[in-house]
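J.: Below are the sequence and a predicted model for it; my questions follow.
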Amino acid sequence: MSVTAKPLFDLTKKATKFTWTEEADEAFGKIKEIIAQDIVLMFPDPNKAFHLHFDSSDVGTGAVLQQFDQNNRLRPLEFFSQKFNQAELNYATPDKELFGLVLALKHWRPLLYGAKEEIQIYTDHKSLRDFSKTQLLKPRHARWALVLEEYWGRMKIQWVKGKDNVIADAASRDPRFNLSAKEIEDRASLRVLPPSMFDDTNGANTSSINSITTDGDRVQGQPEEHQQDLSGNVSLQREVLKLSHDIGLAGHGGVHKTIESLLRHYWWKGIREDVKKYVAECDVCQHNKTSRRAPMGKLVPLPIPERNWEEITMDLIVKLPPSKDEAKIRPYDSILVVVDRRSKMSHFIPTNEAVTTEELAHLVFDNVVCKHGVPRAIITDRGAQFKSRLWQTLFTLIGCKPYMSTAYHPETDGQTERTNKHGNPGRVSTMM
């Protein structure tokens, strides 16, 4: 009930302009239907055992308190549901389940606290059975433990399969995923294309059959027998992507869920890449889904060396105007920039973009090692010359440790990047 009434609760929030929307009107109508349902509640009997079923979802929690009647049928005494506030929405799934139990016990405390029989509690979350054995991690766990301690020894938590916990599960779920006739029709369109679409696919499945490739023992490039081939028809591909990702029943699932849904009925060349791109560009997902990755840490500068030329950084500036020296077989069109990390002294060494690892090593020995000694460490980007085994082995043998910057993070070698920016390489290249 609380989840269904969420649009109405939102209208009563402070500093919220009261605007009656279609969503609020739909919620109001559903609440009237729920109230008008013929569900006969039974009066509680303190001499009988209470059976509490509860479940939590991403948006709220729901529970039902039941007892057996004289015909040995389990009958409801009362239903309970509550939506989570903004802070509670951020709880982990185990915390949401435990919090749902705490809310239900608080709500029915007048009935359960003095119960003569053992309280039977049913959940589809196994970890709750061992909560008393776990170490308290946060203050809220300690507060919840105080509520549960009132019932230790007088309640029994039992695990049931999610499909058997239907009453509490339904009370906690987001009403957007209740099947409606419109959504069933949309879902059916994932399996059966309209006749007009079949006309567009008649000639679309022959081109891909002729381009079958093999990857080991796996054959790629053709659909399975149960899949409709949509290769070459971009408009139909966009349509089924929308049906399998955007409609209410699809629920804006992630990449893997969308691919799984599509491959049940459709196939085309590059389907996985298209799904990844479609999900990444979905405006609704970008606005409503939170990142589950840990926040990136702050950049930490490298420690300053104790002596000059103890650590150096290197980078190549390429695509410069070639030198005018006709005597050279390969004219200079690049600069090897070497910077001392402590003194900031720099060497600009003319070279060629096609320089090999061996030639690059000679340049470093002639212009750096012979003048300043062997450095303790060299920091470079991930260029092909610096990644070669010859480069790594050569400098390791002379006692110099080569380091490479993190991929896609040029700030690791920020010293050389800054020098490249302010070193006026255009002027240097004309002087070579």
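T.: That came through fine. Numbering: from 1, shown residues only.
J.: can we go C-alpha only for contacts and neighbour counts from here?
T.: Will do.
J.: can you list the domain ranges for the protein.
T.: Per the record, the chain has its domains at 39-172, 179-288, 311-431, by automatic domain parsing.
J.: In terms of mean pLDDT, which of those ranks lowest?
T.: Of all these, the minimum mean pLDDT falls on domain 179-288 (a mean of 70).
J.: Is H252 in a helix, a strand, or coil?
T.: coil (DSSP: H, G, I helix; E, B strand; the rest coil).
J.: Show the contacting residues for it.
T.: For H252, the contact set (CA atoms under 8 Å, 6 or more residues apart in numbering) comprises H245, D246, V284, C285.
J.: redo that, cut-off 6 Å
T.: H245, D246 (CA atoms under 6 Å, 6 or more residues apart in numbering).
J.: that older thread, including distance to K6, could the domains of the chain go into TSV?
T.: Listed next are the domains of the chain as TSV, based on distance: least, CA to CA, whole Å:
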stretch	distance to K6
domain 39-172	7
domain 179-288	17
domain 311-431	44
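J.: Could you look up the SS state of L98?
T.: L98 ends up helix, using three-state DSSP.
J.: Could you do P76 as well?
T.: strand.
J.: partners of the closest residue in space to it that isn't next to it in sequence in the sheet?
T.: In this structure, P76 finds its nearest non-sequential neighbour in Q66, 4.3 Å apart by CA to CA, 6 or more residues apart in numbering. Assessed by DSSP bridges, Q66 has beta-bridge partners H51, P76.
J.: Return the distance of Q66 relative to Q158.
T.: Distance of Q66 to Q158, given as CA to CA, to the nearest Å: 15 Å.
J.: Of these two, give the one with the bigger neighbour count.
T.: Q66 (23 against 15; other CA atoms under 10 Å).
J.: in which helix or strand would I find N420?
T.: Per DSSP states H and E, N420 falls inside helix 414-422.
J.: From the chain's centroid, how far away is that helix?
T.: 35 Å (CA atoms, centre = their mean, to the nearest Å).
J.: In it, which residues are buried?
T.: Q415, T416, E417, T419, N420 (16 or more other CA atoms under 10 Å).
J.: With stretch 266-277 instead?
T.: Y266, W267, W268, K269, I271, R272, D274, V275.
J.: Could I get those residues in JSON lines, plus columns for distance to R154?
T.: JSON lines is the format used below for the buried residues of stretch 266-277 (distance: CA to CA, whole Å):
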{"residue": "Y266", "distance to R154": "54"}
{"residue": "W267", "distance to R154": "56"}
{"residue": "W268", "distance to R154": "59"}
{"residue": "K269", "distance to R154": "61"}
{"residue": "I271", "distance to R154": "56"}
{"residue": "R272", "distance to R154": "53"}
{"residue": "D274", "distance to R154": "56"}
{"residue": "V275", "distance to R154": "52"}
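J.: Just the ones of those in strands?
T.: Y266, W267 (DSSP state E).
J.: For stretch 367-379, give the distance from the opening residue to the closing one.
T.: Taking CA to CA, stretch 367-379 runs 17 Å from one end to the other.
J.: residues making contact with that stretch?
T.: Outside stretch 367-379, the residues touching it (CA under 6 Å, 6+ apart) are W309, E310, E311, I312, T313, C400, K401, P402, Y403, M404.
J.: Recalculate using a threshold of 7 Å.
T.: Residues outside stretch 367-379 that contact it (CA atoms under 7 Å, 6 or more residues apart in numbering) are 309-314, 399-404, 413.
J.: partners of the helix or strand hosting K156, with directions?
T.: In this structure, K156 is located in strand 155-159 according to DSSP H and E. Here strand 155-159 is paired, per DSSP bridges, with strand 119-123 (parallel).
J.: After the partner strand, which helix or strand is next? Please name it.
T.: By DSSP H and E, the next helix or strand past strand 119-123 is helix 139-149.
J.: Just the CA atoms of that next one, as PDB, please.
T.: Provided in PDB are the C-alpha atoms of helix 139-149 (Å, rounded to 0.1, in the frame of the first residue of the first chain):
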ATOM      1  CA  PRO A 139      25.100   2.000  15.200                       C
ATOM      2  CA  ARG A 140      21.800   1.200  13.500                       C
ATOM      3  CA  HIS A 141      22.500  -2.500  13.800                       C
ATOM      4  CA  ALA A 142      22.800  -2.100  17.600                       C
ATOM      5  CA  ARG A 143      19.500  -0.200  17.700                       C
ATOM      6  CA  TRP A 144      17.700  -2.900  15.700                       C
ATOM      7  CA  ALA A 145      19.300  -5.600  17.900                       C
ATOM      8  CA  LEU A 146      17.600  -3.900  21.000                       C
ATOM      9  CA  VAL A 147      14.200  -4.400  19.300                       C
ATOM     10  CA  LEU A 148      14.900  -8.000  18.400                       C
ATOM     11  CA  GLU A 149      16.200  -8.900  21.900                       C
END
